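[1] This is the structure alone, sequence omitted:
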């Protein structure tokens with residue numbers, strides 16, 4: 001297997017975000033894309049990352065290949081590689097070899113973790129009747145504006161075709177109605193409401209550096225799915241468990 005990336009920025013930025021949520025994971029290299037599906041340590045967040053072969057100058061994968069490794073270490077290696085360098089990934093002697101060809105040639109090797117087929121995560125089949133498409137910047141600003149809530153949790157709500165995010169502490173409250181740069185798809189006359197951890201949301205919104213729009217999908221007392229994607233390029237998705245009332 002040999003992968004050659006002319007521009008590694010999508011991989012670098014994605015791994016920087018993912019490694020702050022999940023410590024270890026398994027990449028699956030298929031004929032047309034590389035994919036990571038991983039759960040964080042307390043099973044609250046599932047991360048789905050897919051980088052399509054169209055991003056690569058050379059994508060040579062003859063058969064499905066799995067490798068498990070420390071995502072923190074992988075992200076650290078990628079940070080050391082120049083943004084405009086050519087990146088070459090190969091597997092040799094149970095190690096992932098990373099070569100960066102920029103101003104200087106940089107070579108790294110990461111030891112792989114033993115992999116078992118039963119540990120391979122699968123994306124759950126979830127049905128979402130409520131979906132919102134917003135600019136990434138709009139969503140990021142809303143989460144940052146409610147940052148004072150820390151881990152009190154925020155409520156996502158659709159009522160009368162208006163999408164809002166709101167929360168409160170013992171001494172403060174805040175609510176943001178989305179009125180611009182937003183497309184709402186939900187059943188007429190029905191209200192949808194669910195609470196989620198704002199601490200995790202703060203980690204997710206860093207993906208606005210990658211994609212200009214975000215899709216939010218949720219239901220009453222149901223997980224939240226957040227998708228940042230560019231067609232034929234990349235998908236970075238988060239599935240966040242709901243948070244109950246304190």
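    Yes, it's here. Keep in mind that what you see is a predicted model, and the values were worked out from it rather than measured.
[2] Please compute how far the helix or strand harbouring residue 228 lies from its chain's middle.
    Using DSSP states H and E, residue 228 sits in strand 224-230. Here the centre of strand 224-230 is set off from its chain's centre by 7 Å, with CA atoms, centre = their mean, to the nearest Å.
[3] same for the helix or strand following it, what does it pack against?
    From strand 224-230 onward toward the C-terminus, using DSSP H and E, the following helix or strand is strand 234-240. Applying 3 or more CB pairs under 8 Å, 6 or more residues apart in numbering; DSSP states H and E, we find strand 234-240 packed against helix 9-18, strand 45-52, helix 198-204, strand 224-230. Backbone N, C-alpha and C define where each C-beta goes, glycine included.
[4] Quick check: the gap between the residue of the chain lying at maximal distance from its centre and residue 148.
    Going by CA atoms, centre = their mean, the residue of the chain most distant from its centre is residue 171, 32.5 Å out. To residue 148, residue 171 is 10 Å away according to CB to CB, to the nearest Å.
[5] just residue 37 next, same as before
    For residue 37 relative to residue 148 (CB to CB), the value is 33 Å.
[6] who has more neighbours, these two?
    residue 37 (20 against 14; other CB atoms under 10 Å).
[7] domains of the chain?
    With domains defined by automatic domain parsing, the chain comprises 2-115, 130-234.
[8] The residue farthest from the centre of the chain should be in a helix, yeah?
    No - using DSSP: H, G, I helix; E, B strand; the rest coil, the secondary structure at residue 171 is coil, not a helix.
[9] Could I get the contacting residues of it?
    Residues near residue 171 by CB atoms under 8 Å, 6 or more residues apart in numbering: none.
[10] Now it. Its backbone dihedrals?
    Backbone torsions of residue 171, given as degrees, to the nearest 10, read phi -120, psi -10.
[11] ok, residue 241 - contacts?
    With CB under 8 Å, 6+ apart, residue 241 has these contacts: 43-45, 223.
[12] Mark which of the residues you listed are buried, thanks.
    By the neighbour-count criterion of 16 or more other CB atoms under 10 Å, the contacts of residue 241 include these buried positions: 44-45, 223.
[13] the helices in the chain, which residues?
    Using DSSP state H, the helices of the chain run over residues 9-18, 71-80, 136-145, 198-204.
[14] what about the residue lying closest to residue 95 once chain neighbours are set aside, distance to residue 97?
    Among residues not flanking residue 95 along the chain, residue 109 sits closest, at 4.6 Å (CB to CB, 6 or more residues apart in numbering). Plainly put, residue 109 is 5 Å away from residue 97 if you go by CB to CB.
[15] Counting neighbours, go ahead and name the busier of these two.
    A side-by-side neighbour count of residue 109 and residue 97, using other CB under 10 Å, places residue 97 first with 15 against 12.
[16] does the more buried one really touch residue 87, like I thought?
    No - the pair residue 97 / residue 87 is not scored as a contact, 11.1 Å apart, by CB atoms under 8 Å.
[17] wait, isn't residue 115 in contact with residue 94?
    No - here residue 115 lies out of contact with residue 94, judged by CB under 8 Å, at a distance of 10.5 Å.
[18] pLDDT score for residue 237?
    If you check residue 237, the pLDDT there is 98.
[19] Now do it against residue 215, distance only.
    9 Å.
[20] Show me whatever sits in contact with both of those two.
    Between them, residue 237 and residue 215 share these contacting residues under CB under 8 Å, 6+ apart: 225-227, 229.
[21] out of these, who's nearest residue 19?
    Residue 19 lies nearest to residue 226 out of the shared contacts of residue 237 and residue 215, by CB to CB, at 17.5 Å.
[22] residues near the closest one, how many?
    By the measure other CB under 10 Å, the count of residues near residue 226 is 21.
[23] ditto for residue 122
    Counted with other CB under 10 Å, residue 122 comes out at 7.
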